[in-house]
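Q: sequence first, then the predicted structure:
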Amino acid sequence: MNDDRRRALERFLGRATGATAVAVEDLRRLSGGAVQENWRLDLVFEGGTRPGRHACVLRCDSASAGVAASLGRAQEFALLKAVAAVGVTVPEPLWLCEDPSVLGRAFFVMRRIEGTAAGHVLVKDDGFRGDRVALAERLGEELARIHSIRPPRPDLAFLPLPDGAPALVTIARHRAFLDAHPTPYPALEWALRWLERHAPPRGELTLCHRDYRTGNYMADASGLTGILDWEFAGWSDPLEDVGWFCAECWRFGRDDREAGGIGAREDFYRGWERVSGRPLDRAAVRYWEVMAHTTWAVVAVQQAERHLSGVEDSLLLALTGHIVPELEWTLIAMTEAD
Amino acid sequence: MRERPDGRELLAAARRVLREKLLPQLDPSLRHDLLMVINAVSIAERGLALGPAPLDEERRRLAALLGEETGDLVAASRRLAESIRAGDVDPGRPARAAVLAHLRATGRDRLAESNPRRLGRSGEAPAS
């Protein structure tokens, strides 16, 4: 970010807060994020609505992303506002700027949170993330708060309502992708047929995170510090998130801890039930674990395709294609009986 | 004749250098990248070791399932996928057991290349 941009950012923040002086300090780009750029920065305000020093992160579309993606930051900001308002632990969303004359693209600033999001670190027994039973329970509570948001919501009108049962909508989307893909995947078709035959009817829709798993929240020694990665959020069956969190493919090798490699299912369910005030239908979760493995397999094929097509040369994406057989193996075992 | 060591043997030697010499010396921030490289080399090595036999077997099984000659593996596999989607192998249908056996056999062969450790984990693999 050059000095002109930086001064434009300071002027924008001055207008947003009414501060008499604004300084952007210790600005540096964070790694990761192909579609977004993340910058860490400290903001120092004199006067205005938030005087003092603030540890922040600025998120903007990457320089190569098109105009269509610029709407994404405004939507993500609206989602963070909505979930923060019901008490979900997220990085506090502070300022949104959709005026491209400031940084050249839309961006928002949120409060910086500390800790690690690395799944293989979080499942280890070394105190990085505090007490694991407490964390599993807390993650259940957080998820129930997300699920307390129901349509219609004018502030979240950009999220489309599923046209029918959410499971069937997802199945149709996966099939459309597979139809257009040069490689057939008979084992994924087997799983999708099982999912179609066992699909639950459309029940009450809630806001769902749709990527709620170990690896997408941050924790430190004191426990949870924030839920991240909201770009797949949408209206769906709340058990979709529960199944995604508990699915074997997101336990980072700790299969003995079925809730995200962190705790027991009952730890996680207990937290969800306490905050939602409703019993969690345990038997219905398994369906969504089959869906989780299927969706992750389809996404893995898509990620490998990003590499193969030359959109993004990445060994990580290339290797992701090679987890498909493992996911299919699990899917056959889960669906062969009925 | 090709020179020996061949591609597979060279990859095996390269993998040992990466794992035994470079990995212990490497800056921890780069460890994950090197582990990915080692994984990629291992997959390529296993693919060369297995050769075309698994694909020939898959083609043979598909021919038996579909009752037709299958020169084109992709086209035959696509027909099987369509048949599964159409419900032809739902519970109670006569073709179900044979298709399931094919999916397991194909899955086992693909895992042998991509992630053979998954085959070794007990209690989770589909019964064969």
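A: Happy to help now that I have it.
Q: and A:Val22, which of the three is it?
A: At A:Val22 the chain is in strand, as set by DSSP: H, G, I helix; E, B strand; the rest coil.
Q: contact partners for it?
A: With contacts defined as CB atoms under 8 Å, 6 or more residues apart in numbering or on different chains, A:Val22 is in contact with A:10-11, A:13-14, A:43-46. Just so you know, the C-beta spots here come from the backbone N, C-alpha and C atoms, and that holds for glycine as well.
Q: any chance of those in TSV, plus distance to chain B?
A: Shown next, in TSV, are these (distance: CB to the nearest CB, whole Å):
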residue	distance to chain B
A:Glu10	32
A:Arg11	36
A:Leu13	32
A:Gly14	37
A:Leu43	28
A:Val44	30
A:Phe45	34
A:Glu46	37
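Q: list buried residues within those residues.
A: Applying 16 or more other CB atoms under 10 Å in any protein chain shown to the contacts of A:Val22, the neighbour count classes A:10, A:13-14, A:43, A:45 as buried.
Q: rewinding a little: give me the subset of the contacts of A:Val22 lying in strands.
A: A:43-46 (DSSP state E).
Q: residue contacts, the residue nearest to A:Pro166 when sequence neighbours are not counted?
A: Leaving aside its chain neighbours, A:Pro166 sits nearest to A:Ser236 (4.2 Å; criterion: CB to CB, 6 or more residues apart in numbering or on different chains). Contact partners of A:Ser236, counting by CB under 8 Å, 6+ apart, are A:162, A:166, A:205-206, A:208, A:210.
Q: who does A:Ser236 bridge with?
A: A:Thr206 (DSSP bridges).
Q: that one and chain B, how far apart?
A: The gap separating A:Ser236 from chain B is 23 Å, by CB to the nearest CB, to the nearest Å.
Q: SS state for the residue nearest the centre of chain A?
A: With distances taken as CA atoms, centre = their mean, A:Asp229 lies nearest the centre of chain A, 3.1 Å away. For A:Asp229, the assignment made with three-state DSSP gives coil.
Q: what's around the nearest residue to it once chain neighbours are set aside, how many residues?
A: The shortest distance from A:Asp229 to any non-neighbouring residue, by CB to CB, 6+ apart, is to A:Asn216 (4.4 Å). A:Asn216 is flanked by 19 other residues according to other CB atoms under 10 Å in any protein chain shown.
Q: repeat that for A:Val86.
A: 13.
Q: spit out the contact partners of it.
A: Counting by CB under 8 Å, 6+ apart, A:Val86 has contacts A:145-146, A:148-149.
Q: Serialize those residues to JSON lines and add fields for secondary structure.
A: Formatted as JSON lines, these follow (three-state DSSP):
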{"residue": "A:Arg145", "secondary structure": "helix"}
{"residue": "A:Ile146", "secondary structure": "helix"}
{"residue": "A:Ser148", "secondary structure": "coil"}
{"residue": "A:Ile149", "secondary structure": "coil"}
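Q: state the pair within those that is farthest apart.
A: Taking CB to CB, the two most distant members of the contacts of A:Val86 are A:Arg145 and A:Ile149; they sit 8.3 Å apart.
Q: which neighbours do those two share?
A: Residues touching both A:Arg145 and A:Ile149 by CB under 8 Å, 6+ apart: A:83, A:86.
Q: give me the neighbour count for the residue nearest to B:Val99 when sequence neighbours are not counted.
A: The spatially closest residue to B:Val99, leaving aside those adjacent along the chain, is B:Val89, at 4.5 Å (CB to CB, 6+ apart). Residues near B:Val89, counting by other CB under 10 Å, number 25.
Q: what does B:Glu68 give?
A: 11.
Q: spell out which parts of chain B neighbour chain A.
A: B:33, B:36-37, B:39-40, B:43, B:74, B:77-78, B:80-82, B:84-85, B:87, B:89-91, B:99-100, B:102-104, B:106-108, B:110-111, B:113-115, B:118, B:124-126 (CB under 8 Å from any CB of the partner chain).
Q: repeat the analysis, applying 7 Å as the threshold.
A: Chain B has residues B:36-37, B:39-40, B:43, B:74, B:77-78, B:80-81, B:84-85, B:87, B:90-91, B:100, B:103-104, B:107, B:110-111, B:114-115, B:118, B:124-126 near chain A, with proximity defined as CB under 7 Å from any CB of the partner chain.
Q: any of the residues you listed buried? List them.
A: In the residues of chain B next to chain A, the ones that pass as buried (16+ other CB under 10 Å) are B:37, B:39-40, B:43, B:77-78, B:80-81, B:84-85, B:100, B:103-104, B:107, B:110-111, B:114-115, B:118, B:125-126.
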